[in-house]
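Asker: need a 3D model of the sequence below.
(2 chains)
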There are 2 protein chains.
Amino acid sequence: MNNKKEVNAAILIIGNEILSGRTKDLNTSTISSWLNGIGIRVLEVRVVPDVEEKIISSLNELKKNFSYVFTSGGIGPTHDDITAESVSKCFDLKYEIHQNAYKILEKYYGKENFNEGRQKMVWMPSNANLILNPASGAPGFNIKNVFCLPGVPSILQSMLPELKNKLVGGNPILSKTISLKTIESEIAKSLKDVQNNNKDVDIGSYPFFRKGKIGVSIVMRSESQSKIDICNSQILNLINEKKIEIVERD
Amino acid sequence: MNNKKEVNAAILIIGNEILSGRTKDLNTSTISSWLNGIGIRVLEVRVVPDVEEKIISSLNELKKNFSYVFTSGGIGPTHDDITAESVSKCFDLKYEIHQNAYKILEKYYGKENFNEGRQKMVWMPSNANLILNPASGAPGFNIKNVFCLPGVPSILQSMLPELKNKLVGGNPILSKTISLKTIESEIAKSLKDVQNNNKDVDIGSYPFFRKGKIGVSIVMRSESQSKIDICNSQILNLINEKKIEIVERD
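Answerer: Below you'll find the model as predicted:
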């Protein structure tokens, strides 16, 4: 894959608990930040319920439109874990016992404790590639450009390094942040001019309220450090002109 | 609207900062929990970048498929705030100064401080209904079944009560949680039987790791309290049979 081509991704979060508001999604942030480091940019996230047809229709759309799709959730042992079966149907593959996953979990739990509930976790699409799970045994899996990970944040996080040699990224996405003691409307016009002069840098403006202070964080993102540097110097100029105090910069 | 009909919703989060992993999305949880209380069930969430065509295509799909759509983000004063203009195009409406919003913000900031940056926030789709903002002045707006809210969590939260008389909900979605000192694979089979016997209750199973303890939270959700009660007693039976300790229940 040519490094100059943008490599992008979508995340599909599967789980009623996120939609009901009971649980806050932490996995998007974890996956996206990790992918940035290997040059893969997340361009869409969807959250869908534990409903087969919704999982399949979303996955069909996302796997067609993005270089990679990462799913999170629904690969545990209970009745509401239907990701593996849905992915099998989506790719028109048999849903069956994965022999290698079976061996891994039989060893992990011990033969006598490898009960029916746990055995459900080795049912996968036929010929899935395993994604090993150093935190809690049960592997995730990969079919073509779709990578299925668990929903529990700490377990998902432990599995990301296992993905590294399965993904081909582009140039890492670099970023620089300057946090200012100002309000957005004060800098909006000048910042728009800087954005127009620096088309290859995404400039984001985010108000913050922390430690009793209000301010604005300006985030510059690009694959090119030199383009970020040029953009940064133009932003520093506008800050100087307007006599705005810098609170923090990275 | 008949109360027996399911009233559902989608949330569209607009913002590069969520996709890049820089910021964790808190608004889905806030909006969903609040909507549950008035009988509106969120069935899909999408996160898209600050890109007009992505906003428009997602919005077109969601507003057709759900009773209500709530957007979050992109209604501030800076160049990356393009929600209002995108929504105007989506509904084929003029993007223009909203006279009432203008009056509200001119009064809020004072005539002399109502600069160009701030004035951008009164540009909206023609004839938008305003959603007042008790926290920071600049209103959100509503066109047909689409409600546009800001991205800053505390401001969004302050505006939810303003929506109450603009939405027609169904029966509130009730829930009951029992947290158990067990692991999912121990209860998976019995829980599946309970789910099969209680089709009108969604039963979710969520492993937790907190205060050094591991366990599983069983969440029952339904519009009917009596159906939750029946389901709950069946779950209590299975807990008794298996001699599982209850850690917490609501």
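Asker: list the buried ones in the top helix by length along chain A?
Answerer: Longest helix of chain A, by residue count under DSSP state H: helix A:225-241. If you call a residue buried by 16 or more other C-beta atoms under 10 Å in any protein chain shown, then helix A:225-241 has these buried ones: A:227-228, A:230-232, A:234-235, A:238-239. C-beta here means a position set from N, CA and C on the backbone, and glycine is covered the same way.
Asker: I'd say residue A:227 and residue A:202 touch.
Answerer: No - judged on C-beta atoms under 8 Å, residue A:227 makes no contact with residue A:202 at a distance of 10.6 Å.
Asker: picking up where we left off before, helices and strands around the longest helix of chain A, which ones?
Answerer: Applying 3 or more C-beta pairs under 8 Å, 6 or more residues apart in numbering or on different chains; DSSP states H and E, one finds that helix A:225-241 contacts strand A:174-181, helix A:184-197, strand A:213-222.
Asker: tell me what angle the last one forms with helix A:184-197.
Answerer: Spelled out, that is strand A:213-222. Taking axes from the mean of the first three to the mean of the last three C-alpha atoms, to 10 degrees, one finds that strand A:213-222 is oriented at 10 degrees with respect to helix A:184-197.
Asker: excluding its backbone neighbours, what's nearest residue A:97?
Answerer: Once flanking residues are discounted, residue A:97 sits nearest to residue A:122: 5.5 Å by C-beta to C-beta, 6 or more residues apart in numbering or on different chains.
Asker: should've said residue A:146
Answerer: That would be residue A:69: by C-beta to C-beta, 6+ apart, it lies 4.8 Å from residue A:146.
Asker: okay, and the one you found sits in which element?
Answerer: Take DSSP states H and E as the rule and residue A:69 turns out to sit in strand A:68-72.
Asker: and that strand, how far from the chain's centre?
Answerer: 8 Å (C-alpha atoms, centre = their mean, to the nearest Å).
Asker: and the contacts of the next helix or strand after it?
Answerer: Sequence-wise, the next helix or strand downstream of strand A:68-72 (DSSP H and E) is helix A:83-90. Residues external to helix A:83-90 that are found in contact with it (C-beta atoms under 8 Å, 6 or more residues apart in numbering or on different chains): A:14, A:52, A:55-56, A:59-60, A:63, A:71, A:73-75, A:94-95, A:123-126, A:141, A:143, A:146, A:148.
Asker: what's in contact with the helix or strand that helix A:83-90 is followed by?
Answerer: Using DSSP H and E, the helix or strand that follows helix A:83-90 in sequence is strand A:95-97. Under the contact criterion C-beta under 8 Å, 6+ apart, strand A:95-97 has outside partners A:84-85, A:88-89, A:119, A:122-126.
Asker: and those residues, which two are furthest apart?
Answerer: Across those, the longest distance by C-beta to C-beta is 20.3 Å; it joins A:89 and A:119.
Asker: returning to that earlier point: relative to chain B, which of the helices and strands packed on helix A:225-241 is closest?
Answerer: helix A:184-197 (3.2 Å; C-beta to the nearest C-beta).
Asker: what residues go with each domain of chain A?
Answerer: A:7-166, A:174-249 (automatic domain parsing).
Asker: tell me the most buried of those domains?
Answerer: Of all the domains of chain A, domain A:7-166 carries the top mean neighbour count, a mean of 19, counting by mean count of other C-beta atoms under 10 Å in any protein chain shown.
Asker: ends of that domain, how far apart?
Answerer: 14 Å (C-alpha to C-alpha, to the nearest Å).
Asker: average pLDDT across that domain?
Answerer: Averaged over domain A:7-166, pLDDT sits at 96.
Asker: so residue A:192 is in contact with residue B:79, correct?
Answerer: Yes - contact status for residue A:192 versus residue B:79: in contact at 3.9 Å, counting by C-beta under 8 Å.
Asker: using JSON lines, please lay out the contacts of strand A:95-97 together with distance to residue A:28.
Answerer: Shown next, in JSON lines, are those (distance: C-beta to C-beta, whole Å):
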{"residue": "A:84", "distance to residue A:28": "21"}
{"residue": "A:85", "distance to residue A:28": "24"}
{"residue": "A:88", "distance to residue A:28": "25"}
{"residue": "A:89", "distance to residue A:28": "25"}
{"residue": "A:119", "distance to residue A:28": "30"}
{"residue": "A:122", "distance to residue A:28": "27"}
{"residue": "A:123", "distance to residue A:28": "27"}
{"residue": "A:124", "distance to residue A:28": "24"}
{"residue": "A:125", "distance to residue A:28": "24"}
{"residue": "A:126", "distance to residue A:28": "29"}
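Asker: closest one of those to chain B?
Answerer: residue A:119 (8.6 Å).
Asker: which is the succeeding secondary structure element to the host helix or strand of that closest one?
Answerer: Per DSSP H and E: residue A:119 is located in helix A:116-119. Sequence-wise, the next helix or strand downstream of helix A:116-119 (DSSP H and E) is strand A:123-125.
Asker: can you pull out the residues in contact with that next one?
Answerer: Counting by C-beta under 8 Å, 6+ apart, A:84-85, A:87-88, A:91, A:93-98, A:101, A:141, A:143 sit against strand A:123-125.
Asker: before we move on, what about stretch A:140-149?
Answerer: Under C-beta under 8 Å, 6+ apart, the answer for stretch A:140-149 is A:27, A:31, A:59, A:63, A:66-72, A:75, A:83-84, A:87, A:90-91, A:93, A:98, A:101, A:124-125, A:127-131, A:133, A:150, A:156, A:159, A:163, A:166.
Asker: switch to 7 Å and redo it
Answerer: Identification of contacts with stretch A:140-149 by C-beta atoms under 7 Å, 6 or more residues apart in numbering or on different chains yields A:59, A:63, A:67-72, A:75, A:83-84, A:87, A:91, A:93, A:124-125, A:128-131, A:133, A:150, A:156, A:159, A:163, A:166.
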